[in-house]
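Engineer: A predicted structure for the sequence below; I have some questions about it.
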Amino acid sequence: MAGNKRAVGSVTYRDAEHGYFERRKLRRHAAFWSLWALGVGAVISGDFYGWNLGLDAGGFGGLLIAGIVITIMYYGLCYSIAEMSPALPHTGGAYSFSRSAMGPWGGFVTGLAENMEYVITPAVVVGAMGFLSHDIVFDLTGADGWWNSPVLWWAIYYIIFVGINILGIEITMRFTVVITAAALGILAFFFIAVLVTRSFDGSLLTNIPPEEGGSSFLPKGIAGIFPALPFAIWFYLAIEELPLAAEESHDPKRDIPRATIWGLNTLVLFAVLTLFLNTGVGGGCRDHRNVGDPVVRRLQGGVRGGHGGVGAGADRADRADRQFLHDHLCLWPQHLLAVPCGLLPQEPVDHPSDQKHAVRRADRRRGGGGTSSRWSSTSSDRARTHSRARSSAPCCIWPSSVP
C-alpha cells in the first residue's frame with residue numbers, strides 16, 4: 001500500500017498501490033437474463049407465503065391499497081437505481097450511491113444497514129426452509145429423529161449454497177436462472193389452474209366480517225392499511241440488491257438497469273395474480289389470512305378438482321425459499337468485498353422453542369389433528385415469525401445524486 005494519505009471530513013484514507021483493485025476484481029459472467037433471474041429469484045418466495053398475513057392486518061382492500069403504495073415506491077426506487085447504476089457501476093451498490101451523495105459516514109451507515117439486511121435475511125429464510133424440509137420428510141417417512149431436525153436442515157442448506165458460490169459465478173448464475181424459472185412456472189401453473197377450472201370467486205375477496213366503522217372492502221377501516229404495508233413489501237423486497245452484482249456483469253451500464261426494471265415488472269404481474277387468484281379461491285380471504293402456506297392450501301383443495309398432498313405443495317414453497325436464500329448468500333459477501341478494497345472509511349479521526357416441538361411430536365404420536373390442521377398451526381406461527389423478521393430487515397437505499 002502506498003503511504004500517501006488524504007482526509008475527507010473526519011475520515012482519513014490511504015491511497016491504494018498500483019494494481020491493488022485489479023488483483024481483487026470479480027469475474028464477469030452475468031448478462032441480462034442472469035441478472036433478471038437474480039433479482040426475481042431473490043423475491044419470489046414472498047409470493048408463496050407471508051404476504052397473506054396482510055389480509056389479517058387490513059383485509060383485502062387494506063392489502064391492495066398498501067400494495068399499490070409499495071409498488072409506486074418500488075418503481076421510484078428501481079428507476080433511481082437504474083439511473084445511478086450506470087454512473088456508479090460498483091459492487092458496493094447502495095453504499096456507493098450514498099457515499100457519493102453524503103460522504104464517507106453516510107456511505108458507512110448505509111453499507112452497515114445493507115450488510116444487516118443480507119446477513120439477517122438468509123438466516124430468516126433458511127429457518128423457514130428447515131421447518132418446511134422437516135415437515136416434508138416427516139409426511140413422507142414419519143421420521144422425526146435428529147437426522148430430520150430443522151437444525152440439521154439449516155446446516156445442509158448453508159453448506160449446499162455456500163458450496164455453489166465457491167464453485168464460481170458461472171454455476172451460480174446458471175442455477176439462479178433454472179430455479180427462478182421453476183418457481184415462476186409453479187406459480188403460473190397454479191394461476192392457469194384457477195382460471196381453467198373457474199375456481200375464482202370475486203365475492204371471496206371481501207368475506208371478512210367488518211369491524212365497527214369498517215366495510216367489506218376495508219374490514220378494519222382506513223387504519224388497516226398501515227399495518228398491511230410490511231406484508232405488501234414481501235412482493236418486492238430484495239430486488240434492490242441487483243447493483244451488488246455490477247462487477248460480475250458484462251455490461252453493468254446497460255444490463256443492470258434493464259434487468260432491474262423488467263424484474264420489477266415481472267414481480268408486479270405475479271403479485272397482482274397472486275393477490276387476486278390466491279385469495280379468491282377456497283375459503284377466500286377469511287380462511288386465507290392466517291395460514292402459513294397459502295399456495296399449499298390452494299393446491300390441496302382450493303382449486304376445483306385439485307389434487308396434491310401437503311408434501312408436494314410444501315416442496316414448491318421450499319423451492320422458492322431455496323432460491324431466495326441462494327441469491328442472498330450470493331450477493332451479501334460481495335458487498336463485504338468493499339472492506340478489503342478500501343471502499344469503507346479507514347482510520348477515522350473522530351468517531352462520532354423446544355416446548356413447541358415437544359407438543360408437535362406428542363400430537364403426531366397420538367395421531368390427532370390430521371395433516372392439514374398440523375400444517376396450518378405450525379406453518380402459520382413460522383410465517384408470522386418469518387414475516388416480522390423479513391419486514392424488519394433494513395432495506396436502505398438512501399436518496400442520493402450522482403456528483
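Structural biologist: Done, it's in.
Engineer: what ranges does the stretch 151-300 of the chain have for its helices?
Structural biologist: When secondary structure is read from DSSP state H, counting those that start in this stretch, the stretch 151-300 of the chain shows helices at 169-196, 225-232, 252-279, 284-288, 294-297.
Engineer: what is the third one packed up against?
Structural biologist: With contacts defined as 3 or more Cβ pairs under 8 Å, 6 or more residues apart in numbering; DSSP states H and E, the secondary structure elements packing on helix 252-279 are helix 32-41, helix 53-87, helix 169-196, helix 284-288. Backbone N, C-alpha and C define where each C-beta goes, glycine included.
Engineer: please identify the most buried of those helices.
Structural biologist: helix 32-41 (a mean of 25; mean count of other Cβ atoms under 10 Å).
Engineer: would JSON lines of the helices of the stretch 151-300 of the chain with distance to residue 215 and mean pLDDT be doable?
Structural biologist: Below are these laid out as JSON lines (distance: least, Cβ to Cβ, whole Å; pLDDT from 0 to 100):
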{"stretch": "helix 169-196", "distance to residue 215": "26", "mean pLDDT": "89"}
{"stretch": "helix 225-232", "distance to residue 215": "13", "mean pLDDT": "94"}
{"stretch": "helix 252-279", "distance to residue 215": "17", "mean pLDDT": "92"}
{"stretch": "helix 284-288", "distance to residue 215": "13", "mean pLDDT": "83"}
{"stretch": "helix 294-297", "distance to residue 215": "24", "mean pLDDT": "72"}
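Engineer: looking at those helices, which is nearest to residue 9?
Structural biologist: helix 252-279 (28.6 Å; Cβ to Cβ).
Engineer: angle of that closest one against helix 32-41?
Structural biologist: 40 degrees (axes from the mean of the first three to the mean of the last three Cα atoms, to 10 degrees).
Engineer: quick one: buried residues of helix 252-279?
Structural biologist: Buried residues in helix 252-279, counted by 16 or more other Cβ atoms under 10 Å: 252, 255-257, 259-264, 266-268, 270-271, 273-279.
Engineer: how about a markdown table for the helices and strands packed on helix 252-279, with distance to residue 130 added?
Structural biologist: Putting the helices and strands packed on helix 252-279 into a markdown table (distance: least, Cβ to Cβ, whole Å) gives the following:
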| stretch | distance to residue 130 |
| --- | --- |
| helix 32-41 | 20 |
| helix 53-87 | 20 |
| helix 169-196 | 18 |
| helix 284-288 | 25 |
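Engineer: looking at those, which is closest to residue 216?
Structural biologist: helix 53-87 (8.1 Å).
Engineer: just the angle between the closest one and helix 225-232, please?
Structural biologist: Going by the same axes, to 10 degrees, helix 53-87 makes 60 degrees with helix 225-232.
Engineer: to residue 21, which of the helices of the stretch 151-300 of the chain lies closest?
Structural biologist: Set against residue 21 and scored by Cβ to Cβ, these come closest in helix 252-279, at 15.6 Å.
Engineer: residue 262 against residue 35, yeah?
Structural biologist: No: checked against Cβ atoms under 8 Å, the pair residue 262 and residue 35 is beyond contact range at 9.4 Å.
Engineer: doesn't residue 6 fall inside a strand?
Structural biologist: Yes: assessed by DSSP: H, G, I helix; E, B strand; the rest coil, residue 6 belongs to a strand.
Engineer: distance of it from residue 18?
Structural biologist: Distance, residue 6 to residue 18, using Cβ to Cβ, to the nearest Å: 17 Å.
Engineer: got it, and residue 242?
Structural biologist: For residue 242, the distance to residue 18 - Cβ to Cβ - is 31 Å.
Engineer: higher neighbour count, the two?
Structural biologist: residue 242 (29 against 8; other Cβ atoms under 10 Å).
Engineer: what's near enough to touch the residue nearest the centre of the chain?
Structural biologist: With distances taken as Cα atoms, centre = their mean, residue 43 lies nearest the centre of the chain, 3.9 Å away. Going by Cβ atoms under 8 Å, 6 or more residues apart in numbering, residue 43 touches 235, 236, 237, 238, 239, 267, 324.
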